[in-house]
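what follows is a protein structure lacking sequence information:
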């Protein structure tokens, strides 16, 4: 008999996580990194999750766990797109006609470039709030922060976008 | 609401192309050795069948009347939660089932993964797997071949909980007097399979 690790909480079959969350994770990633890189980021997110899945100690809040992974994948992808990560200096972002980012968003290029240029936590909070339409409690839950921190990340992100977009 | 908020809310994100993106995910998971259980549905004259395959072989065949969520949960708990819908990995099994129902195949070549059965039940089902196409055995005979001639009742229970019906042909086990006995998928399906094999008049 193979030795079995006793599992305290039953983990659902991984396909159910995919069925329940893939579409919304994809929207989160499109808004974070653009539609082309979003597909690869989604696969990377789910592959990383699948790799770690059997070792999870519990099955609580699997959604927050998936968004944490997606957030890291998005941050890595942005670092790759923008060779020199300089979030404080938007001039470092490639112009929108640069091939690696061209066509990432159908409209409002400047805005999405700026979203990508936000510090990672502000970027994720802004996307959760306005693209996925979550309230602050849900954002806090998904990002593993307090509600107050979620609120601050959103408002700091917005402030920054206002000063940097369409100037 | 500020103008920036309005513009963020209007983001038009393209829909996820599930078949393409998630199909590629299943292939990448398989290549990386992370796909422990692949499953897919297939049509048959007995209704939709869902087949589950591991690296060892065919693990489970579920008739449509079994709630798929509970079958998935059971496989996740007893084998591995790394389960994805991945039709490509089940192609060989589905092809063999198609050929069997079309009357062009009399035995299955796919390997079987016996992980879901233990003990005497496993012995009974392994013996059952050796009953050839078109032949039948009694519950007592199967119990005897599994080493316990008097355990025909236990043999019946093992056959009723056969995780791999059709391929492990528990439908070929009948009462000694010729009565049909039981069948996990219902007696109509048992009759259909026996008729297909020419054991019962169609």
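Done, it's in. Quick caveat: nothing in here was measured; it's all calculated off a predicted structure. Numbers count the residues shown, from 1 in each chain, chains lettered A, B, ... in the order given.

nearest the geometric middle of chain A, what residue?
Closest residue to the average C-alpha location of chain A: residue A:71 at 3.4 Å, with C-alpha atoms, centre = their mean.

the closest residue to that residue other than its chain neighbours: neighbour count?
Distances taken as C-beta to C-beta, 6 or more residues apart in numbering or on different chains place residue A:124 nearest to residue A:71, at 5.0 Å, with adjacent residues excluded. For glycine as for every other residue, the C-beta is placed from the backbone atoms N, C-alpha and C. Using other C-beta atoms under 10 Å in any protein chain shown, residue A:124 has 27 other residues around it.

middle-most residue in chain B, spatially?
Geometric middle of chain B (C-alpha atoms, centre = their mean) lands on residue B:61, at 0.9 Å.

what's near enough to touch the residue nearest to the centre of chain A?
A:32, A:120, A:124, A:143 (C-beta atoms under 8 Å, 6 or more residues apart in numbering or on different chains).

surely the last one touches residue A:63?
No: taking C-beta atoms under 8 Å as the definition, residue A:143 is not a contact partner of residue A:63, at 11.6 Å.

neighbour count: those two, which is higher?
Using other C-beta under 10 Å as the criterion, residue A:143 and residue A:63 rank with residue A:143 on top: 19 against 16.

can you report phi and psi for that one?
Main-chain dihedrals, residue A:143, degrees, to the nearest 10: phi -100, psi 0.

which residues of chain B score low on pLDDT?
For chain B, the stretches flagged by pLDDT under 70 are B:1, B:202.

try it again with 80
B:1-2, B:11-13, B:201-202 (pLDDT under 80).

cool, and chain A?
Using pLDDT under 80, chain A drops low at A:1-9, A:81-109, A:166-167.

pick out the residue in it sitting closest to chain B.
Closest approach of chain A to chain B (C-beta to the nearest C-beta) occurs at residue A:130, with a separation of 3.7 Å.

residues near the residue nearest to that residue when sequence neighbours are not counted, how many?
Distances taken as C-beta to C-beta, 6+ apart put residue B:8 closest to residue A:130, at 3.7 Å, once the chain neighbours are dropped. As a burial measure, residue B:8 scores 23 neighbours (other C-beta under 10 Å).

so what touches stretch A:28-36?
Under C-beta under 8 Å, 6+ apart, the answer for stretch A:28-36 is A:37-38, A:41-42, A:45, A:67, A:70-71, A:73-74, A:77-78, A:81, A:101, A:103-105, A:112, A:115-116, A:123-124, A:127-128, A:131-132, B:11, B:13-14.

got the residues of chain A near chain B?
Contact residues (C-beta under 8 Å from any C-beta of the partner chain) of chain A with chain B: A:7, A:10-16, A:18, A:22-23, A:26-27, A:30-31, A:35, A:39, A:42-43, A:46-47, A:50-51, A:53-54, A:105-108, A:111-112, A:115, A:126, A:130-131, A:133, A:158, A:161-162, A:165.

any quick PyMOL command for the buried ones out of those?
Provided next is the PyMOL selection string for whichever of the residues of chain A next to chain B are buried by 16 or more other C-beta atoms under 10 Å in any protein chain shown:
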select buried, chain A and resi 11+12+13+14+15+16+18+22+26+27+30+31+35+39+42+43+46+47+50+53+54+105+108+111+112+115+126+130+131+158+161+165
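
and the residues of chain A next to chain B, which of them are in helices?
A:14-16, A:18, A:22-23, A:26-27, A:30-31, A:35, A:39, A:42-43, A:46-47, A:50-51, A:111-112, A:115, A:126, A:158, A:161-162 (DSSP state H).
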